[in-house]
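Novice: I would like to see how this sequence folds:
(one chain, ligands or ions: 1)
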Amino acid sequence: MMNKPNRLPGGKPQGAREVAMNVLHNVETKGAYSGLELNQALQAAGLSRPDAALATELVYGTIQRLNTIDHDLKTRVKGWPGKIEPWVRSLLRMSYYQLRWLTRVPAHAAVDEAVTIAKKRGHKGIGGLVNGVLRGLLRDGINASLSENLTAAERISLEHSHPQWLVERWIAEFGERLTENICSANNEHPHASARVNRMKASRDTLVAGMTDAGFETSPSPLAGYGIIATKAGNLVHSDWYKQGFLSVQDESSMLVAAVADPRPGMRVLDCCAAPGGKTMHMAELMNDEGTIIANDVHPHKEALIKQQAERLELKNVHTMVGDALELSERIDRESCDVVLLDAPCSGLGVIRRKPEIKWNKTADDITSLSELQNRLLNEASSLVKPSGVLVYSTCTIAREENEDTVRRFIAEHPEFSLDAEWPEEVLAPIRESGNLPDDFRGMLQLLPQMFGSDGFFIARLRRQSR
Ligand SMILES: C[S@@+](CC[C@H](N)C(=O)[O-])C[C@H]1O[C@@H](n2cnc3c(N)ncnc32)[C@H](O)[C@@H]1O
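Specialist: Numbers count the residues shown, from 1 in each chain. Presented below is the predicted three-dimensional model:
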């Protein structure tokens with residue numbers, strides 16, 4: 001099955017594989033984000049839906065399996081990877097991914113088109129190299145077995161394609177079995193999920209309405225406000241989204257506002273708010289009564305927060321642009337009932353959605369982020385009222401950024417303590433699934449294999465009363 005080439009206005013024809021190769025090349029050489037790069041490339045190429053789906057699968061799959069692919073190609077291509085031109089690397093990796101994991105696509109189509117792209121983009125010699133490597137793979141068969149002398153970290157790293165330093169770190173933090181489960185879950189397709197705006201409809205009503213309209217949706221087993229949308233197209237284009245009945249959000253992420261548990265009439269601060277997912281959720285929980293200050297350091301992100309508030313018709317959200325390290329210069333100390341610090345982090349919990357994270361982040365990044373998080377927590381905490389609540393969250397799986405950061409903060413701030421009084425609606429599904437630690441004291445690490453949602457960390461702290 002050859003993909004029909006699509007003609008770009010004034011440009012050369014581009015099929016799914018060529019689009020995918022270009023995206024992979026830009027992700028590797030320019031440090032581009034796969035999602036953004038892919039969206040732009042798909043829009044420019046105007047591919048059919050099946051071709052866009054193929055390009056998407058090739059991009060995400062190739063980045064996900066990079067380690068494993070390179071491990072094998074190293075034995076087949078002289079000078080791999082350093083001596084091979086970057087775009088040829090992208091082409092060969094993507095073709096390898098297809099031959100090994102996308103077996104519904106006939107192998108000869110993958111090889112023929114890779115050779116065509118190689119000749120068009122390079123020259124006959126590169127076409128010959130690509131042809132030789134891929135036909136060699138077909139002839140010899142892909143040998144997926146690994147040496148038996150590997151350490152656990154080496155084996156998991158190659159079998160599930162994660163950097164070895166990260167696997168070693170997770171084994172030290174979670175043990176071998178959980179680490180293997182994390183890595184395996186990171187290679188799964190994430191499902192789409194949405195948060196129901198309970199100010200406008202109940203979850204049951206929305207699920208029923210969407211099912212009637214031909215969508216495949218079901219209630220989230222994790223988040224009381226969540227629905228899982230298996231076959232729903234792009235929810236952002238639906239009338240339910242446009243009319244503010246739902247917001248697209250990961251199920252783990254939905255727990256953060258629920259743990260913060262803001263009430264109508266309260267004064268709430270979201271220190272790092274853009275694009276505004278958790279701000280809006282908190283505003284909905286407050287029934288749009290009270291005040292939420294939604295701050296972010298990047299001026300261009302303020303509009304994103306405002307757009308969401310407008311779409312959801314929420315009036316109590318007030319945006320602010322500034323460094324969260326300096327919030328006390330603009331907001332009175334000890335003046336907020338609830339402060340949320342959804343901190344910038346290494347993002348190791350969202351590898352399923354952004355697989356390049358696992359190749360781009362380093363152990364040093366984790367250390368410097370935990371320093372920043374500690375400073376942000378210090379500043380955020382100064383704004384919490386006596387008896388008020390401080391919620392700290394990240395979308396990462398790194399003890400240094402999560403549990404260690406919180407423990408260090410408590411050690412430096414004896415006026416705060418962990419608060420295990422989480423709403424039962426949040427705790428019940430986690431407890432029932434066996435994922436609530438016996439020693440739960442008010443902080444929780446969600447892993448992607450637990451519910452098929454993002455890896456997330458949430459801690460709830462309370463300032464002592466006066
Ligand atoms: C994890 S994201 C927040 C996601 C958001 N809470 C939501 O649910 O949509 C972290 C945000 O922190 C912002 N940020 C990073 N450093 C910051 C700082 N020093 N002060 C304020 N915001 C910061 C980033 O721009 C980013 O939007």
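Novice: for Leu312, which residues are in contact?
Specialist: Going by Cβ atoms under 8 Å, 6 or more residues apart in numbering, Leu312 touches 197, 244, 247, 280, 283-284. Every residue, glycine included, has its C-beta placed from N, CA and C.
Novice: same check, this time on Ala363
Specialist: 165, 169.
Novice: near the ligand, which of the contacts of Leu312 show up?
Specialist: On the criterion Cβ under 6 Å from any ligand atom, none of the entries of these sits beside the ligand.
Novice: all helices of the stretch 351-466 of the chain, in order?
Specialist: According to DSSP state H, counting those that start in this stretch, the stretch 351-466 of the chain carries its helices in the segments 357-360, 363-381, 403-412, 424-432, 448-451.
Novice: now the second one against helix 403-412, angle please.
Specialist: Angular relation of helix 363-381 and helix 403-412 on a 0 to 180 degree scale: 40 degrees, by axes from the mean of the first three to the mean of the last three Cα atoms, to 10 degrees.
Novice: what about helix 363-381, distance to the chain center?
Specialist: Distance of helix 363-381 from its chain centroid, counting by Cα atoms, centre = their mean, to the nearest Å, is 20 Å.
Novice: show me what from the stretch 151-300 of the chain comes close to the ligand.
Specialist: Counting by Cβ under 6 Å from any ligand atom, the stretch 151-300 of the chain comes close to the ligand at 272-278, 296-298.
Novice: what about stretch 333-343 and the ligand, touching?
Specialist: Yes - contact of stretch 333-343 with the ligand (Cβ under 6 Å from any ligand atom) involves Asp342.
Novice: quick one: the strands in the stretch 51-200 of the chain, in order.
Specialist: For the stretch 51-200 of the chain, applying DSSP state E, counting those that start in this stretch gives strands covering 192-196.
Novice: pull the number of nearby residues for Asp239.
Specialist: Counted with other Cβ atoms under 10 Å, the neighbours of Asp239 add up to 9.
Novice: contact partners for it?
Specialist: Neighbours of Asp239 in contact, by Cβ under 8 Å, 6+ apart: none.
Novice: what's the spacing between it and Leu246?
Specialist: Separation of Asp239 from Leu246 (Cβ to Cβ, to the nearest Å): 10 Å.
Novice: try Ser90
Specialist: Relative to Leu246, and taking Cβ to Cβ, Ser90 is found at 37 Å.
Novice: of the two, who's got more company?
Specialist: Leu246 (28 against 23).
Novice: quick check on that one: phi, psi?
Specialist: phi -150, psi 160 (degrees, to the nearest 10).
Novice: what are the buried residues along stretch 30-50?
Specialist: Within stretch 30-50, the residues that count as buried by 16 or more other Cβ atoms under 10 Å are 32, 34-35, 37-38, 41-42, 45, 47.
Novice: mean confidence for that stretch?
Specialist: The predicted model assigns stretch 30-50 a mean pLDDT of 90.
Novice: contacts for that stretch next, please.
Specialist: In contact with stretch 30-50 (Cβ under 8 Å, 6+ apart) are residues 4, 6, 8, 14-16, 19, 22-23, 26-27, 52, 55-56, 59-60, 63, 353-356, 360.
Novice: end to end on it, go ahead and measure it.
Specialist: 27 Å (Cα to Cα, to the nearest Å).
Novice: pull the distance from that stretch to the chain's centre.
Specialist: Computed by Cα atoms, centre = their mean, the chain-centroid distance of stretch 30-50 equals 17 Å.
Novice: please apply the same query to stretch 156-172.
Specialist: Going by Cα atoms, centre = their mean, where stretch 156-172 is centred and where its chain is centred differ by 18 Å.
Novice: next: stretch 291-299.
Specialist: Stretch 291-299 has its C-alpha centroid displaced from the chain centroid by 22 Å (Cα atoms, centre = their mean).
Novice: cool, stretch 136-144 as well?
Specialist: For stretch 136-144, the distance to the chain centre is 33 Å (Cα atoms, centre = their mean).
Novice: which parts of that stretch are buried?
Specialist: So, applying 16+ other Cβ under 10 Å, buried residues of stretch 136-144: Leu137.
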